[in-house]
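Asker: I need the structure of the sequence given here:
(chains A and B)
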Amino acid sequence: MQKDYLTIALSKGTLLKPTLKLLQEAMLPVEGIEPDSRNMVFNYENAAIKYIMCRPTDVPTYVEQGAADLGIVGKDVIVEQGKDVFEMADLKFGYCRFVVAVPAEMKEISLKELNYKRVATKFPTVAENFFRSQGLQVEIIKLHGNVELAPIMGISDTIVDIVSTGRTLRENNLVELVKIMDSTTRLIANRVSYRTRYERIQPMIETMQKIVKGGS
Amino acid sequence: MSNREIPKGLRDLLPSEVKKMRSIENKAARLFQSYGYEEVITPTFEYLEVVENGAGGNIRQELFLFMDREGGILSLRPEITVSIARLAATHLQDACFPQRLYYQANVFRHVQPHLAQYREFWQLGIELLGASGVKADAEVITIAVQALQDIGLDNFKLSLNQIGIFNSLLDDSGINIEDRSLIRSLVERKDLVELSQVLEGMTIDDGLKETIAALPILHGGMEVLNRIPYVEKNPNAATAVNDLIQIYDVLKVSGVQDKIVLDMGVLRGLDYYTGIVFEGYSPDLGYGLLGGGRYDNLMGKFGFPCPATGFSLGMERLALVLKDQHSEVQHYLLGGSNFQAVVDKAQKLREEGNIVEMDVLGSSREDLEQIVLERENCVLIYLD
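Answerer: Here you go, the predicted model:
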């Protein structure tokens, strides 16, 4: 952990643009960060701020281990990984939701009938916890992407995935059966950093909360 | 080669690591003893009933469980406080109180291993049994601070809270047990987003809602206590707040108040805490170093109601934040052609308190010079 710099882990990809906008509004430095840059570390000496650019799924890990004090990442990633981090603020952007989706011809099926069926997903923890909480047992098939393909190719009966507009589902002839939960981008903090660097972190959190409230 | 593997989450400790751990242990033990604490050793495994009776049922998924041939379910100890409570209830009911006990022991938890978290790890700690009141809490906290200082750590803070504030606020709200434990885990995990959503959906007093929502971010000096106005309406919470004010005064007397901050979000994971609780942190490590607090109801669960307080610190985590410390003892490598002279010289140097390794291979001076070059802090003596 850096002594002087406050390190913030940022999610590369679609979240980066709204993240940078928020940082800028919170009077934090963002000059020179380009979404397609190959740079992974950005130092701002005057502000004593350091950003590290991570895959979204790696952000909770950097924060949990204390390599970053703060992180900005989607709730979908946090809930799947179950890492031990503080969740300080809902930043409201990057909305999506976890759903159970089935092929259109099964759209009349009830959730109970999915018992013992095969579920393809990138989010095995979320999927398993959801079905278990419903008293159902399913076979989870972990995939790394293009989950919509699984029912088409017959390796699963249904999928659990995140959707924002639902377009990808429609294009692949799938329909949403149940919503599991909503997800938006969150500001997370390392357990110890939050306590040992409270004077810097807490005002930053409050500033971001104010911006989010004012904007929505 | 599979016959060399060790189980996940365990590790071998090599000489340099053991040296560091023993040095930590010795310094801490010396401090504990100087306050009148005496060491006890409890069994490495206990009946599952004992562990669950003490630590609560939700710890089970972290336990290493197995069966003995009589059909009993056994658990490797996940921590030591419960075992000491059982020990005291078994052996110390007629002893003179307060009793001051300390331990250094390995404990076992079935967790996902990562930096600073192994499945077998070492704890050092003290328990002060049979003493209620803030002076007892302050003694334990003072020892915690001094232990970290003696071990060689400067940059750390202890976060202090009184769990009664949170509990009596929830008593007031009249919410059911499930929601209580949900709110508790959200405050503890500082999941502020979910906490505000859950509170929003509840039909409880707005002032109470605001106070509960604020608890996780209340952190700082004694002025923090002015920011929980709702507490005045609740006599039990007010008593708990008063506890904190008093303990702060006692800690000032011991001169450790600089290391203390109030943090209303510290609730500790284990169910048995009842009063003052605290955790220690260093900015050099993303995980806590020590934790403890008052547990007045635990010993009653073993049939011996008795107030108690204590703390334990994690040795591996301390070792991670400690700089390497060189020992002052001189280390010699001794060789030569006249074996009698070598043995005599070695004996003499050892009696003077030095560490002496003798060459047992009949090596030449050149070979030994090569060996000394590759080692730190070692001097060659070659007797011709």
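Asker: low-confidence regions, chain B specifically.
Answerer: B:1, B:270, B:325-327 (pLDDT under 70).
Asker: ok, now with 50
Answerer: Counting by pLDDT under 50, chain B has no low-confidence residues at all.
Asker: which parts of the stretch 1-150 of chain B sit against chain A?
Answerer: By C-beta under 8 Å from any C-beta of the partner chain, the residues of the stretch 1-150 of chain B that approach chain A are B:114-115. In short, each C-beta sits where N, CA and C put it, glycine included.
Asker: can you give me the helices in the stretch 1-150 of chain B?
Answerer: B:15-34, B:48-55, B:81-91, B:134-151 (DSSP state H, counting those that start in this stretch).
Asker: and the third one, what does it pack onto?
Answerer: Applying 3 or more C-beta pairs under 8 Å, 6 or more residues apart in numbering or on different chains; DSSP states H and E, one finds that helix B:81-91 contacts strand B:45-47, helix B:48-55, strand B:99-108, strand B:120-129, strand B:308-314.
Asker: hmm, try it at 7 Å
Answerer: For helix B:81-91, the helices and strands in contact under the criterion 3 or more C-beta pairs under 7 Å, 6 or more residues apart in numbering or on different chains; DSSP states H and E are helix B:48-55, strand B:99-108, strand B:120-129.
Asker: what about stretch B:151-159, start to end distance?
Answerer: 19 Å (C-alpha to C-alpha, to the nearest Å).
Asker: okay, now A:Phe86: neighbour count?
Answerer: 25 (other C-beta atoms under 10 Å in any protein chain shown).
Asker: wait, doesn't it sit right on B:Lys190?
Answerer: Yes - at 3.6 Å, A:Phe86 and B:Lys190 qualify as touching, with contact defined as C-beta atoms under 7 Å.
Asker: okay, and the common contacts of the two?
Answerer: The contact sets of A:Phe86 and B:Lys190 overlap at A:Tyr194 (C-beta atoms under 7 Å, 6 or more residues apart in numbering or on different chains).
Asker: wait, does stretch A:192-209 contact chain B?
Answerer: Yes - Stretch A:192-209 is in contact with chain B by C-beta under 7 Å from any C-beta of the partner chain, via A:192, A:194-198, A:202.
Asker: what residues does that stretch touch?
Answerer: For stretch A:192-209, contacts defined as C-beta under 7 Å, 6+ apart pick out A:6, A:22, A:26, A:66, A:69-70, A:86, A:88-89, A:91, A:187, A:189, B:157, B:159, B:190, B:217, B:219, B:263, B:281, B:283, B:285-288.
Asker: report the buried residues of it.
Answerer: A:192-198, A:201-202, A:204-205, A:207-209 (16 or more other C-beta atoms under 10 Å in any protein chain shown).
Asker: next one: stretch B:223-239
Answerer: Neighbour-count burial for stretch B:223-239 [16+ other C-beta under 10 Å]: B:224-225, B:228, B:230-231, B:234, B:237.
Asker: report the two of the residues of stretch A:192-209 next to chain B separated the most.
Answerer: Greatest spatial distance in these: A:Val192 and A:Gln202, 14.4 Å, computed using C-beta to C-beta.
Asker: okay, stretch A:47-57 in PDB with CA atoms only?
Answerer: Extracted in PDB, the C-alpha atoms of stretch A:47-57 (Å, rounded to 0.1, in the frame of the first residue of the first chain):
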ATOM      1  CA  ALA A  47      -3.300  15.600  -6.000                       C
ATOM      2  CA  ALA A  48      -1.500  12.500  -4.500                       C
ATOM      3  CA  ILE A  49      -3.900  10.300  -6.500                       C
ATOM      4  CA  LYS A  50      -3.000   7.200  -8.300                       C
ATOM      5  CA  TYR A  51      -5.400   5.300 -10.600                       C
ATOM      6  CA  ILE A  52      -4.900   1.700 -11.700                       C
ATOM      7  CA  MET A  53      -6.800   0.400 -14.700                       C
ATOM      8  CA  CYS A  54      -8.200  -3.100 -14.100                       C
ATOM      9  CA  ARG A  55     -10.600  -5.500 -15.700                       C
ATOM     10  CA  PRO A  56     -13.800  -5.000 -13.800                       C
ATOM     11  CA  THR A  57     -13.700  -8.500 -12.300                       C
END
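Asker: report the mean confidence score over it.
Answerer: The predicted model gives stretch A:47-57 an average pLDDT of 95.
Asker: do the same with stretch A:148-165
Answerer: Stretch A:148-165 comes out at a mean pLDDT of 94.
Asker: from the rest of the structure, what touches it?
Answerer: A:76, A:95-103, A:114, A:117-123, A:126-127, A:141, A:143, A:147, A:168-169, A:172, A:174, A:180, A:183.
Asker: among those residues, which lie within strands?
Answerer: A:96-103, A:118-121, A:141, A:174, A:180, A:183 (DSSP state E).
Asker: near chain B too, which of those residues?
Answerer: When contact is defined as C-beta under 7 Å from any C-beta, the ones in strands among the contacts of stretch A:148-165 do not meet chain B at all.
Asker: which of these lies closest to B:Val140?
Answerer: Checking those against B:Val140 by C-beta to C-beta gives A:Ser183 as the nearest, at 42.7 Å.
Asker: for that closest one, which residues are in contact?
Answerer: A:74-76, A:96-98, A:162.
Asker: quick check: bridge partners of it?
Answerer: A:Cys96 (DSSP bridges).
Asker: and A:Ala47, which helix or strand is it part of?
Answerer: Taking DSSP states H and E as the definition, A:Ala47 sits outside all helices and strands.
Asker: ok, A:Met88 next?
Answerer: strand A:86-90.
Asker: please name the nearest non-neighbouring residue to the residue positioned nearest the centre of chain B.
Answerer: Nearest to the mean C-alpha position of chain B, counting by C-alpha atoms, centre = their mean, stands B:Leu313 at 2.0 Å. Once flanking residues are discounted, B:Leu313 sits nearest to B:Leu290: 3.7 Å by C-beta to C-beta, 6 or more residues apart in numbering or on different chains.
Asker: how far away is that neighbour from A:Val30?
Answerer: 39 Å (C-beta to C-beta, to the nearest Å).
Asker: list the contacts for A:Val147?
Answerer: Contact analysis of A:Val147 by C-beta under 7 Å, 6+ apart lists A:120-122, A:159, A:161.
Asker: contacting residues around residue 67?
Answerer: With no chain named, the answer covers chain A. So A:Ala67 contacts A:Thr7 (C-beta under 7 Å, 6+ apart).
Asker: other chain: chain B
Answerer: Taking C-beta under 7 Å, 6+ apart, we find B:Met67 in contact with B:73-74.
Asker: now the helices for the stretch 201-350 of chain B?
Answerer: Under DSSP H, counting those that start in this stretch, the stretch 201-350 of chain B gives helices at B:206-214, B:235-254, B:315-321, B:339-351.
Asker: quick one: closest of these to chain A.
Answerer: helix B:315-321 (10.2 Å; C-beta to the nearest C-beta).
Asker: would you turn the contacts of A:Ser183 into CSV with neighbour count?
Answerer: Below are those laid out as CSV (neighbours: other C-beta atoms under 10 Å in any protein chain shown):
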residue, neighbour count
A:Gly74, 25
A:Lys75, 24
A:Asp76, 25
A:Cys96, 18
A:Arg97, 17
A:Phe98, 23
A:Ile162, 22
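Asker: on that earlier part again, deepest-packed of the helices of the stretch 201-350 of chain B, please.
Answerer: helix B:315-321 (a mean of 21; mean count of other C-beta atoms under 10 Å in any protein chain shown).
Asker: and it, what does it pack onto?
Answerer: helix B:15-34, strand B:120-129.
Asker: list of residues touching that helix?
Answerer: So helix B:315-321 is contacted by B:17, B:20-21, B:24, B:116, B:118, B:121-124, B:151, B:153, B:282, B:284-285, B:287, B:289 (C-beta under 7 Å, 6+ apart).
Asker: now stretch B:16-28
Answerer: B:13, B:104, B:122, B:124, B:147, B:150-151, B:315, B:318-319, B:322, B:325.
Asker: go through it and flag the buried ones.
Answerer: B:20-21, B:23-24, B:27-28.
Asker: what is the neighbour count of residue 149?
Answerer: Picked chain A for this. When neighbours are counted by other C-beta under 10 Å, A:Leu149 comes out with 14.
Asker: that was the other one, I meant chain B.
Answerer: Using other C-beta under 10 Å, the number of residues around B:Gln149 comes to 15.
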